[in-house]
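Participant: Dropping a prediction and its sequence here:
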Amino acid sequence: MKSFTYERVATPAAATAAFARAPGARFIAGGTNLLDLMKLEIETPAHLIDVSRLSLDKIEKTDDGGLRIGAMVRNTDLASDARVRRDYGLLSRALVAGASGQLRNKATTAGNLLQRTRCPYFYDTNQPCNKRRPGSGCAAIGGFNRLHAVVGASEACIATHPSDMAVAMRALDAVVETVDAAGKARAIPLSGFYRAPGATPHLETVLAPGELITAVTLPRPVGGTHIYHKVRDRASYAFALISVGAIVQKDGSGRVALGGVGYQPWRVEAAEAELPRGAKAVTAGLLAGAKTTHENAYKLPLVERTLAGVLAQARG
Amino acid sequence: MQTPEEFEVSRRGVLVGGAASVATATLVPAGPAMAAPTPVPPPTAKVAFSVNGQAHELELDTRVSLLDALREHLHLTGTKKGCDHGQCGACTVIADGRRINSCLTLAVMHEGEKITTIEGLGTPDRMHAMQDAFVVHDGYQCGYCTPGQICSAVAVLGEIAAGVPSHVTADLTAKPKVTPAELRERMSGNICRCGAYSNIIDAIVDVAGAKT
């Protein structure tokens, strides 16, 4: 690990001010992804700003009947919150499907959204990777890529976003609240939070340098049956091959978001109109334009069949 | 008959001695031609936390993980380093009541916290109920993952009692129960390459006082 200086801050304003003094610094909260990457020297910040003690660790009701989840709320606490379990079951289910108990005790809401891909070529510093070293090429294209993206990828990058939590939040119409170095706050719908890789896969979100996530808000509960079905290589503690998060209403309408298929949690609202016609029709819309390799082509039928199972389960 | 305490040469002593001999044998005398520029010392930071009820103040290279602080600086070697990437759980300790991977967290971030390691749960003379149960049920083979397994297991029972749901909890709105299925899922962050899993689950069920 490269050496770095360290400071702890007590307020979001102090955090963004610290970044302004040390451009290139990284915020650290749970640290479960950043430190892993620093050990491998994939991330080499010269300065760390510890934001883990910011008082952004509360889950509060919003004026319009939704929830505001502080950026520092731990994954365990979010999954355990009585309101989340009752009204946003999909979120609780997605959280407990991810990582291990130890990691969920550390990982934060904001950090979960910002975690980096688990592409093995991103992790292997001997390999080219446009995300890790822009312009060096992509070893996953033509390499071992059964875990990789089937939608939204580019000639520069076929990595997937690894978060389970983000899949649920996408289906729940979450909005990311931030504050920048000038103290200006903004609200970014999760649907517009991640950048398509295009020619610049190292730029993963629309956040500006030094912009700090302060909260994630959820609109008022939408009811329905909430199901998160994650398919993985072992029964627990593994990243998704694919996952399906669904909210299904009694009349057969609903929402569907996918994990493990693209650079962001994948939701196509227009495809949801097909829900009463079944999984095949919905999948056709969700994965329209999919581009597969011989190693990850299995993801297309796997999504359709997993969604069929989820819809059958929702019908009871 | 000789008791284990009477052995004068410990495994640790042999390992440390062995490493020192290797270092001596490969030592190359530094000549004037090899003089290096004065190295810049790495940044350090101060941190104070308590471990197993004892207060400590340390000044550490900022890169030192909580795991390395415990093992290398406080010489509490019960906590083990397996993968050092949060994948195996051998380094599990309890910080402010929560089990965490001590390898994936910086020591300097734990200011003011109360850390419990395997040494703080029990001693050979007064073992924690979970340590006792692991012995009774043979919940290990080589024993390397065991301190992490036991710290994790103690915290898991606390999490179930506190109502934290898991991937296999059928009803999110009901209180989770101590069942083998729940324990297997919740312990999945602790890998045992000897495969003592079934005995580990028996030990935890025993402590929880639940029926299998």
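Facilitator: Nice, I can see it.

Participant: quick one: pLDDT of residue B:37?
Facilitator: Model confidence at residue B:37, given as pLDDT, is 78.

Participant: for residue B:29, same thing?
Facilitator: With respect to pLDDT, residue B:29 has a value of 51.

Participant: For the stretch 1-150 of chain A, what lies in contact range of chain B?
Facilitator: Within the stretch 1-150 of chain A, the positions near chain B by C-beta under 8 Å from any C-beta of the partner chain are A:1, A:3-6, A:8, A:28, A:31-32, A:35-36, A:39, A:48, A:50, A:52, A:76, A:79-80, A:85-86, A:89, A:92-93, A:96-97, A:99-103, A:105-106. To be clear about C-beta, it is placed using only N, CA and C from the backbone, and glycine gets the same treatment.

Participant: Mind jotting down where the strands sit in chain A?
Facilitator: Using DSSP state E, the strands assigned to chain A run over residues A:5-8, A:26-28, A:47-50, A:59-61, A:67-70, A:175-179, A:185-189, A:212-218, A:225-231, A:242-248, A:254-259.

Participant: Just give me the neighbour total for the residue of chain B found nearest chain A.
Facilitator: The nearest approach of chain B to chain A comes at residue B:189, 2.5 Å away (C-beta to the nearest C-beta). Neighbour count for residue B:189, taken as other C-beta atoms under 10 Å in any protein chain shown: 24.

Participant: Quick check, it in contact with residue A:100.
Facilitator: Yes: if you go by C-beta atoms under 8 Å, residue B:189 and residue A:100 touch, sitting 2.5 Å apart.

Participant: residues shared between the contacts of these two?
Facilitator: Common neighbours of residue B:189 and residue A:100, counting by C-beta atoms under 8 Å, 6 or more residues apart in numbering or on different chains, are A:237, B:89.

Participant: where do the helices sit along the stretch 1-150 of chain A?
Facilitator: Using DSSP state H, counting those that start in this stretch, the helices assigned to the stretch 1-150 of chain A run over residues A:12-21, A:34-39, A:75-80, A:82-87, A:89-96, A:101-106, A:109-113, A:120-123.

Participant: okay if I get the ones you listed as TSV plus mean pLDDT and mean neighbour count?
Facilitator: Shown next, in TSV, are the helices of the stretch 1-150 of chain A (pLDDT from 0 to 100; neighbours: other C-beta atoms under 10 Å in any protein chain shown):
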stretch	mean pLDDT	mean neighbour count
helix A:12-21	97	18
helix A:34-39	98	21
helix A:75-80	98	24
helix A:82-87	98	17
helix A:89-96	98	26
helix A:101-106	98	26
helix A:109-113	98	26
helix A:120-123	98	21
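
Participant: need the contact list for the closest residue to residue B:99 other than its chain neighbours.
Facilitator: The shortest distance from residue B:99 to any non-neighbouring residue, by C-beta to C-beta, 6 or more residues apart in numbering or on different chains, is to residue B:155 (3.6 Å). With contacts defined as C-beta under 8 Å, 6+ apart, residue B:155 is in contact with A:101, B:92, B:94, B:97, B:98, B:99.

Participant: Is it correct that residue B:155 falls within a strand?
Facilitator: No: counting by DSSP: H, G, I helix; E, B strand; the rest coil, residue B:155 is not part of a strand but helix.
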